[in-house]
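Novice: here is a sequence with its predicted model. Questions after.
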Amino acid sequence: MSFLPFEMNCQIFIRNFFYCIQRQLRNCNDIISATSAHSKVFKSGFLSDTFTSNHLINCYVRLQKINDARKLFDEMPAPNVVSWTSLMAGYVDAGQPQMALTLFREMYRSSVVPNDFTFATMINACSILADLQVGKTVHAHVEIFGFRSNLVVCSSLVDMYGKCNDVDEARRVFDLMSCRNVVSWTSMITAYAQNAQGHHALQIFREFSGLMLDRPNHFMLASVINACASLGRLVSGKVAHGTVIRRSHDSNDVVASALVDMYAKCGSVSYSEKVFRRIPNPSVISYTSMIVGAAKYGLGNTSLDLFEEMIDRRIKPNDITFVGILHACSHSGLVDEGLEHLKSMHVKHGIMPDAKHYTCVVDMLGRTGRLEEAYQLAKSIQVESDEGALLWGTLLSASRLHGRVDIAVEASKRLIESNQQVSGAYVTLSNAYALAGQWENVHSLRSEMKRTGVYKEPGCSWVEIKDSSYVFYAGDVVSCPQGNKLVGLLRELEERMKERGYVGGSIGLVFVDVEEEAKEEIVGLHSERLALAFGLINIPKGVTIRVMKNLRMCRDCHEAFKLISDIVERDFMVRDVNRFHHFEKGSCTCRDFW
DNA sequence: ATAGGGTTAG
């Protein structure tokens, strides 16, 4: 029988104990085993060992116990770069990215040197905060510390610049990267998609696909679908959907939610529904996408049914869900239901309504002509300037629609005060004056605009036919060879809609351009009407036409809309033109897709 | 050895 020397025995014991603790720390998935591991480490005296403590910190971070992680960190005699970075990442996960920045500064003052992991975490914090200034500072440090060619650091930089709305800088970093992977390509695609440059997003995706280095995964496809949605490109969206199915990502609920949203925005809400119904466990986002999708089509009751369904399935709605619900009620003329839901938000669901919800309600009341109530409500809401622009802009449109010049004037004043969307305010106010026959005011407003140099970009819309998009601008009809024919046709349509009780709004003929003489002529046509006429005139049989522009429907409008559908015998759907200001004249005819 | 990057709804 041989005996090992005592010291060697001790070493083996310590090493075994060490592994045992490590295994326990790696596997602890609940707070009880974490605490027990913690006390074991404490008793053994290993708490002063940085490596063991780091394990414990990560354990608390995984369990979302950031305060416990912090306490442990503060007691460490010698935290190293991993300890610092772990804690920073913990704060980012816990929704306190600001604290991560603070820690970085503290770390900087101590003698511990940051590494690539630290920078990736820091950049992520800046990205969440959308803090471009700090982001640039961190970028400078990345250069100084020599991580400019690190894949992960650069991918997070691309993402950070994208989230801070500096797409050009994102692209610069991306172009300088010496090697890229799916994540870096996805970051670049997302940067474009989230900054209203969907066509660039698709271009990057085509480039990635052409390289055939790697397959697109569900992250990338979700972003690509998002880009198709923002462009209203159904054909590209369907191709992306095909890729999703081929790559077996159709069971991913994030991808599915993106598809639901894309189909709704591209004019095919029935596809949205099909995709939605295949999601095994829809999240609050999946439900909200479908609720919003239905709302856009004036299917208010469908939205409300979906809401009931999600409540029954114990899925908690959030503030955005309620924006969707209030939108649905607003666009379907379900005022009482809308007001009920507004009340229930706080009482039943513990969500405080804020400016965006009240804006929906102002819209809802305004559409149905309850302008006095809408006005009183608008005045009572505390808003930031950008929220104010939306709020007063909403009221302005409603007062124009119902010919309440007094409220229109007040709303425009507030809108102009908010210093945003000023040109839109002038145009709408001018339309309100014109509607009331107050031509002198129209003229003086126009000279005011000339004097202050306000310029209104023309609204545009487009139809997608086969794989091409055709864009129309407000005012285009004048130059169109069939212009007169169109105008006649549209007048006739409007008459027939009025007979059915249509009261005005997007479908009706409105003045678009105050630069033109404000006489009772059509100086411009909103494009959905133009495209509608387009559909009547020269689209070959068997081609599906989809018109993109927001159709804000009250119940009456919905009726009218059905009537138009009967007349033109085609399916088309419409989306919000204001979200697509990135369309430039002549740049939107795209025949190619990947 | 322990720590890091990309996705969906208004």
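Specialist: Nice, thanks for sending it over.

Novice: what about residue A:334, how many residues nearby?
Specialist: By the criterion of other CB atoms under 10 Å, residue A:334 has 23 neighbours. No exception for glycine: its C-beta is placed from N, CA and C like everyone else's.

Novice: put the alpha carbons of the host helix or strand of residue A:320 into PDB.
Specialist: Take DSSP states H and E as the rule and residue A:320 turns out to sit in helix A:319-331. Extracted C-alpha coordinates of helix A:319-331, given in PDB (Å, rounded to 0.1, in the frame of the first residue of the first chain):
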ATOM      1  CA  ASP A 319     -49.100  49.100 -24.300                       C
ATOM      2  CA  ILE A 320     -48.600  48.400 -28.000                       C
ATOM      3  CA  THR A 321     -51.400  45.900 -28.000                       C
ATOM      4  CA  PHE A 322     -53.700  48.600 -26.800                       C
ATOM      5  CA  VAL A 323     -52.500  51.000 -29.500                       C
ATOM      6  CA  GLY A 324     -53.600  48.300 -32.000                       C
ATOM      7  CA  ILE A 325     -57.000  47.800 -30.200                       C
ATOM      8  CA  LEU A 326     -57.700  51.500 -30.100                       C
ATOM      9  CA  HIS A 327     -56.600  51.800 -33.700                       C
ATOM     10  CA  ALA A 328     -59.000  49.000 -34.600                       C
ATOM     11  CA  CYS A 329     -61.900  50.600 -32.900                       C
ATOM     12  CA  SER A 330     -61.000  54.000 -34.500                       C
ATOM     13  CA  HIS A 331     -60.800  52.700 -38.000                       C
END
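
Novice: wait, does that helix contact DNA strand B?
Specialist: Yes - for helix A:319-331 and DNA strand B, the contact criterion (CB under 7 Å from any atom of the strand) is met by A:319, A:320, A:321, A:323, A:324, A:327.

Novice: among those, which ones are buried?
Specialist: Among the residues of helix A:319-331 next to DNA strand B, those buried by neighbour count (16 or more other CB atoms under 10 Å) are A:321, A:323, A:324, A:327.

Novice: format the residues you listed as JSON lines; extra columns: pLDDT.
Specialist: Below are these laid out as JSON lines (pLDDT from 0 to 100):
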{"residue": "A:321", "pLDDT": "98"}
{"residue": "A:323", "pLDDT": "98"}
{"residue": "A:324", "pLDDT": "97"}
{"residue": "A:327", "pLDDT": "95"}
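
Novice: which one of these is nearest residue A:274?
Specialist: residue A:324 (19.4 Å; CB to CB).

Novice: remind me which helix or strand residue A:215 belongs to.
Specialist: With DSSP H and E as the test, residue A:215 turns up in no helix or strand.

Novice: so it sits right up against residue A:247, yeah?
Specialist: Yes - using CB atoms under 8 Å, residue A:215 is in contact with residue A:247, at 6.4 Å.

Novice: which ones are touching residue A:399?
Specialist: The contact partners of residue A:399, by CB atoms under 8 Å, 6 or more residues apart in numbering, come to A:366, A:371, A:375, A:405, A:406, A:407, A:408, A:411, A:432.

Novice: measure it to residue A:386 for me?
Specialist: 21 Å (CB to CB, to the nearest Å).

Novice: wait, isn't residue A:271 in contact with residue A:263?
Specialist: Yes - the pair residue A:271 / residue A:263 is scored as a contact, 4.0 Å apart, by CB under 8 Å.

Novice: neighbour count for the two, which is higher?
Specialist: A direct count of neighbours by other CB under 10 Å for residue A:271 and residue A:263 places residue A:263 higher, at 28 against 20.

Novice: and the host helix or strand of the more buried one, what does it pack onto?
Specialist: Counting by DSSP H and E, the element that carries residue A:263 is helix A:253-265. When contacts are defined as 3 or more CB pairs under 8 Å, 6 or more residues apart in numbering; DSSP states H and E, helix A:253-265 sits against helix A:218-231, helix A:234-246, helix A:269-277, helix A:284-296.

Novice: next, residue A:205: phi, psi?
Specialist: Per-residue torsions, residue A:205: phi -60, psi -40 (degrees, to the nearest 10).

Novice: so, low pLDDT: which residues of the stretch 1-150 of chain A?
Specialist: A:1-22, A:24-25, A:33-34, A:37, A:40-42, A:46-47 (pLDDT under 70).

Novice: what sits against the residue nearest in space to the middle of chain A?
Specialist: The C-alpha lying nearest the average C-alpha coordinate of chain A belongs to residue A:194 (CA atoms, centre = their mean; 7.2 Å). Going by CB under 8 Å, 6+ apart, residue A:194 touches A:162, A:163, A:226.

Novice: against DNA strand B, how distant is it?
Specialist: Counting by CB to the nearest atom of the strand, to the nearest Å, the gap from residue A:194 to DNA strand B is 6 Å.

Novice: so what pLDDT did that residue get?
Specialist: What the model reports for residue A:194 is a pLDDT of 97.

Novice: quick one, phi/psi of it?
Specialist: phi -90, psi 0.

Novice: ok, now the one 5 residues further on?
Specialist: Main-chain dihedrals, residue A:199, degrees, to the nearest 10: phi -60, psi -40.

Novice: and for residue A:423?
Specialist: Dihedral angles (degrees, to the nearest 10) for residue A:423: phi -60, psi -40.

Novice: can you tell me how far it is from DNA strand B?
Specialist: To DNA strand B, residue A:423 is 22 Å away according to CB to the nearest atom of the strand.

Novice: surely that residue meets residue A:454?
Specialist: Yes - contact criterion CB under 8 Å: residue A:423 and residue A:454 qualify, at 5.0 Å.
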